[in-house]
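K.L.:
can you look at this prediction? I've put the sequence above it.
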Amino acid sequence: MQNHTKMEKEILDLLKQKSCTKQDVCRKTQVVFTSLQKLLKSKAERLSKQISKEDKCIKVLYSSKGKFEAQLKFSGDTLVFHMHSNVFDFPEGHSIHKTKYVKEDKLRSFCGVIHIYNFLSDSLKYNRMNDEGYLIARIFINKDAHFFVEGDKQLGFLFKDFVNQQINKDTLDKIINSAMIYALNFDLQTPNISDVNVVSVYQILEMNSNQKIRTAKRLGYKFSFEK
């Protein structure tokens, strides 16, 4: 019985530490994502109004399907922001565990995650199920609202100081702007003819309605977890 009591105490301690921390991180990430949604909506309205003075055909549109997802459509690109409902830690050898900040409190390494994907707007508009989008950045947020971004170019090097930087509306706006600039500079490239030289009868018959031949931008880098 004494051994059972000891084990139950360990369970309670783990629940109090890890589980409570994870719940706290999840709540903070949700607050950040709600703020992100509001910023995206106001940015869409502001940019759409400004660009319409130059070209009424260009629209900047915001949409959302719930508390975990938001979309920002601009020209031929759409950014999809998705908050994961779970909380994650990092592998033992990750640089985050080597910082004094995390060594002082191991629970600081638990992070919520917001993914940013780049799709061609037509892929979503025409439900082209064979088309591909790309994960261009991941925002990691911990219980202290400290954050860093893993991504390419400015998305990676502007937001990597996990120890000192806290996420707020200003940093969120900079992340949005950087993601938009990245997507606009990440142009659609024609595939090699050898990759698309075989087409099925089904694809041709369906092409007018659904455009079944796969279309995607070409990604020029890999995340740290990719081999």
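P.N.:
It's in. Numbering: from 1, shown residues only.

K.L.:
so where is the protein shaky, pLDDT-wise?
P.N.:
1-4, 187-227 (pLDDT under 70).

K.L.:
what about the longest helix in it?
P.N.:
In the chain, assigned by DSSP state H, the helix with the most residues is helix 20-51.

K.L.:
quick check: next helix or strand after it?
P.N.:
Sequence-wise, the next helix or strand downstream of helix 20-51 (DSSP states H and E) is strand 60-66.

K.L.:
name every strand pairing with that following strand and say which way it goes.
P.N.:
When pairing is defined by DSSP bridges, strand 60-66 lines up against strand 69-74 (antiparallel).

K.L.:
how far away is the nearest residue in space to residue 76 that is not next to it in sequence from residue 77?
P.N.:
Counting by C-beta to C-beta, 6 or more residues apart in numbering, residue 76 lies nearest to residue 121, which is 5.3 Å off, once chain neighbours are set aside. From N, CA and C alone the C-beta is placed, and that goes for glycine too. Per C-beta to C-beta, to the nearest Å, residue 121 is found 6 Å from residue 77.

K.L.:
now residue 145
P.N.:
Taken as C-beta to C-beta, the span from residue 145 to residue 77 is 29 Å.

K.L.:
so those two - more neighbours on which side?
P.N.:
residue 77 (20 against 15; other C-beta atoms under 10 Å).

K.L.:
OK, contacts around that one?
P.N.:
Residue 77 makes contact with 118, 119, 120, 121, 180, 183, 184 under the criterion C-beta atoms under 8 Å, 6 or more residues apart in numbering.

K.L.:
repeat for residue 146
P.N.:
101, 108, 162, 163, 164, 165, 166, 167.

K.L.:
and those, which two are furthest apart?
P.N.:
101 and 167 (15.1 Å; C-beta to C-beta).

K.L.:
more crowded one of those two?
P.N.:
Each of residue 101 and residue 167 has its neighbours counted (other C-beta under 10 Å); residue 167 has more, 26 against 16.

K.L.:
with adjacent residues omitted, what lies nearest to the more buried one?
P.N.:
residue 147 (4.2 Å).

K.L.:
that neighbour: which element?
P.N.:
Using DSSP H and E, residue 147 sits within strand 147-151.

K.L.:
can you pull the buried residues of that strand?
P.N.:
Using 16 or more other C-beta atoms under 10 Å as the test for burial, strand 147-151 gives 147, 148, 149, 150, 151.

K.L.:
residues in contact with stretch 155-172?
P.N.:
32, 35-36, 39, 96, 99-101, 116, 136-137, 139-142, 144-150, 174-175, 178-179, 182.
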